[in-house]
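Participant: turn this into a structure:
(chains A and B)
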Protein chains: 2
Amino acid sequence: MTSELPIALDAMGGDNAPREIVRGALLGAARLGVRVALVGRRAEVESALAEASDLADADARSRVSVVDAPEVIAMDEHPANAVRAKKGASVVVACAMVGSGTARAVVSAGNSGAVLAAALFHVKRLRGVARPAIGTALPRSDGGSTFVLDVGANADCRAEWLAQFGVMGAVYASSMMGVASPRVGLLSNGEEPGKGSALVQAASPLLAAAPINFVGNVEGKDLFRDACDVAVTDGFTGNIALKTAEGVGEFLLGAISAEARKSLQGMVGGALLKPKLRPIRDRVDYRATGGALLLGVDGEVVIAHGRSDAEAIVSALRVAATAADRSVHSVIGSQIAAAPAAPIEETVTP
Amino acid sequence: MTSELPIALDAMGGDNAPREIVRGALLGAARLGVRVALVGRRAEVESALAEASDLADADARSRVSVVDAPEVIAMDEHPANAVRAKKGASVVVACAMVGSGTARAVVSAGNSGAVLAAALFHVKRLRGVARPAIGTALPRSDGGSTFVLDVGANADCRAEWLAQFGVMGAVYASSMMGVASPRVGLLSNGEEPGKGSALVQAASPLLAAAPINFVGNVEGKDLFRDACDVAVTDGFTGNIALKTAEGVGEFLLGAISAEARKSLQGMVGGALLKPKLRPIRDRVDYRATGGALLLGVDGEVVIAHGRSDAEAIVSALRVAATAADRSVHSVIGSQIAAAPAAPIEETVTP
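Facilitator: Numbers count the residues shown, from 1 in each chain, chains lettered A, B, ... in the order given. The predicted structure follows:
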């Protein structure tokens, strides 16, 4: 997985920046053999690097460089405005490195709206893509994953955009998950054809006509079953499904821990079962899954979870390196060029 | 909870009809002291009653009657068309009993679209209500519940309807959950004001102006936290959130059981922990929660889960009896009459 070009890593983005991001960069360089350019306020990043230098040997440390970016975008700033105003913000500089060909991918755990805006300005939309979408993988009971998109880039969607999400998601599933002829489902409030919102009913025939293996409507519960490999939805619904899943997971695992602490019997049972639960927790834990990929832009952009620690950053770097090795964005570009054109508005502003 | 009027129970609705429905009627009559009118094909219902007669003593059995309804609506029929065509279908006859004042509530585990259609035709919309909504309670980590509506009646909603859902949900939370001044949240893809789809952004000021305790946007993960008592959403998003929650729950509990079976250590741990997990499972199990209530019609209509067994029917009868005792529908009627009017179309067909 080595390459001359580094992965640009936003050192200032996320709840635990820069410390955990910098630690993740060193661990990633050591374990994955990748080159990482830490983009952020030089003094802070170098100080965090010095503190964490025991995490990697000299060889790995030599693969981690620092690119100065003096400005920072706060979580409460308007993402697009901040990206326009702050050319020296870490996420802007990191995306510009991909745009200028000095990095092969970008990873950020910062405000996802700001990552999206910076990517649109500096990585740029792929020709023919109406709207980029954010996709992420959910664990399935059969051991596989369902890749869901859009989970937040576009709150209001048109049917044509959903059809493109299907094409982009299918590329992700075959390139990144190794699924031959991925089954693409359309998330709806009922499996029967004809069920769904007006948007779903308009998107269904477009997905059926797209050069993908469209399997029709799927329901919320199907996301965790072997029903499809890619689930297409608008960014509003996808975000709510994703965060609902997160909420139920936290509720259930929290309730189980609480019950296990209430009695000796529970404590013993919990202690015996705990190591067995770790693989399950890992499958639902954002730290292990590597975050989300922005599909439809002219480069590899990984949006890591805002709460990312060093391990989560390593997972995100792994996704970024794999996507860059397989050039997922250019496969998407050629699939979109081959697919029936969707109406494109050239005046997209995030 | 006794009353001269029975609860009309659709004996033919659901995956396990009529056997489990009839058993649930007998158990409900015995445990809750309610009168139940089993509505369905007389011969089948009476045969199921004879088979299950050991579930209730003579006194309880005397509270269970049979109302003949010779027709049945299949799961794959178009709900509204079937309801129009089959005047003798069990769900139609049961709803008509509420409409004519011969039952104080109706419970059905049948096709929810058919229940909705039958309720609109025979129980009728409350004056001033633009669209009835289906609401259901989700468990919260603090031990409380979040009542979510709409979870499936209206796939495409207008902002004004969401504002009414807020008023109706607040009545439910105060009447049925005993919450004083229930906090009403608007389900969105981000907590910040201004986040959300065009629908959410239009609904937010209307909810803020409604005579309720509106707390702004809530996210999917907030449904399982102490963030609000009522979460308002359109029926498409609500359905997907609900079924996603169901799917994650099944995935996690299934994965834990599977891990617990894989090794002796896991088996012993699982056996010790299992009794402790039962209360959690009960809190997320539709059998214990009693199904969903249709709000905004002129009577109490409970939509039980399609997979309902006898215990789930008892829970649904309990919800129906409580709603009837507290006359939830008439409280909603007076609140809607007092609230700023929403545009009403009088030509509603389900």
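
Participant: tell me how far residue A:108 lies from residue B:89.
Facilitator: According to CB to CB, to the nearest Å, residue A:108 stands 57 Å off from residue B:89. In short, each C-beta sits where N, CA and C put it, glycine included.

Participant: okay, the two: which has more neighbours?
Facilitator: residue A:108 (33 against 26; other CB atoms under 10 Å in any protein chain shown).

Participant: show me the contacts for the most centrally placed residue in chain A.
Facilitator: Nearest residue to the geometric centre of chain A (CA atoms, centre = their mean): residue A:292, 0.7 Å. Listed by CB atoms under 8 Å, 6 or more residues apart in numbering or on different chains, the contact set of residue A:292 reads A:112, A:134-136, A:151, A:302-303.

Participant: 7 Å instead?
Facilitator: A:134-136, A:151, A:303 (CB atoms under 7 Å, 6 or more residues apart in numbering or on different chains).

Participant: include neighbour count and secondary structure when you put the residues you listed into CSV, please.
Facilitator: As requested, the contacts of residue A:292 are exported to CSV (neighbours: other CB atoms under 10 Å in any protein chain shown; DSSP: H, G, I helix; E, B strand; the rest coil):
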residue, neighbour count, secondary structure
A:134, 26, strand
A:135, 28, strand
A:136, 22, strand
A:151, 26, coil
A:303, 28, strand
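
Participant: about what we covered before: chain neighbours aside, what residue packs nearest to the residue nearest to the centre of chain A?
Facilitator: The shortest distance from residue A:292 to any non-neighbouring residue, by CB to CB, 6 or more residues apart in numbering or on different chains, is to residue A:136 (4.1 Å).

Participant: so which bits of the stretch 251-350 of chain A are right by chain B?
Facilitator: A:251-252, A:254-256, A:259-260, A:262, A:265-266, A:268-270, A:272-273, A:276-277, A:280 (CB under 7 Å from any CB of the partner chain).

Participant: again, only using 10 Å
Facilitator: A:251-256, A:258-281, A:283-284 (CB under 10 Å from any CB of the partner chain).

Participant: tell me how far residue A:133 lies from residue B:184.
Facilitator: In terms of CB to CB, residue A:133 sits 31 Å off from residue B:184.

Participant: which of the two has more neighbours?
Facilitator: More crowded of residue A:133 and residue B:184, by other CB under 10 Å: residue A:133, with 32 against 27.

Participant: list the buried residues for stretch A:37-53?
Facilitator: A:37-41, A:44-46, A:48-49, A:52 (16 or more other CB atoms under 10 Å in any protein chain shown).

Participant: can you name the next helix or strand after the lowest-mean-pLDDT helix or strand in chain A?
Facilitator: Least confident helix or strand, chain A: helix A:286-289 with a mean of 67, by mean pLDDT, DSSP states H and E. Using DSSP states H and E, the helix or strand that directly follows helix A:286-289 along the chain is strand A:292-295.

Participant: can you name the residue of the stretch 51-200 of chain A nearest chain B?
Facilitator: residue A:189 (3.7 Å; CB to the nearest CB).

Participant: mind listing what that residue touches?
Facilitator: By CB atoms under 10 Å, 6 or more residues apart in numbering or on different chains, the residues touching residue A:189 are A:195-197, A:200, A:217, A:219-220, A:237, B:151-152, B:155, B:234-240, B:242-243.

Participant: and with 8 Å instead?
Facilitator: Counting by CB under 8 Å, 6+ apart, residue A:189 has contacts A:195-197, A:219, B:152, B:155, B:235-236, B:239-240, B:243.

Participant: I figured residue A:240 hits residue B:237, correct?
Facilitator: Yes - counting by CB atoms under 8 Å, residue A:240 does reach residue B:237; the two are 5.7 Å apart.

Participant: which neighbours do those two share?
Facilitator: Counting by CB under 8 Å, 6+ apart, the common neighbours of residue A:240 and residue B:237 are residue B:187.
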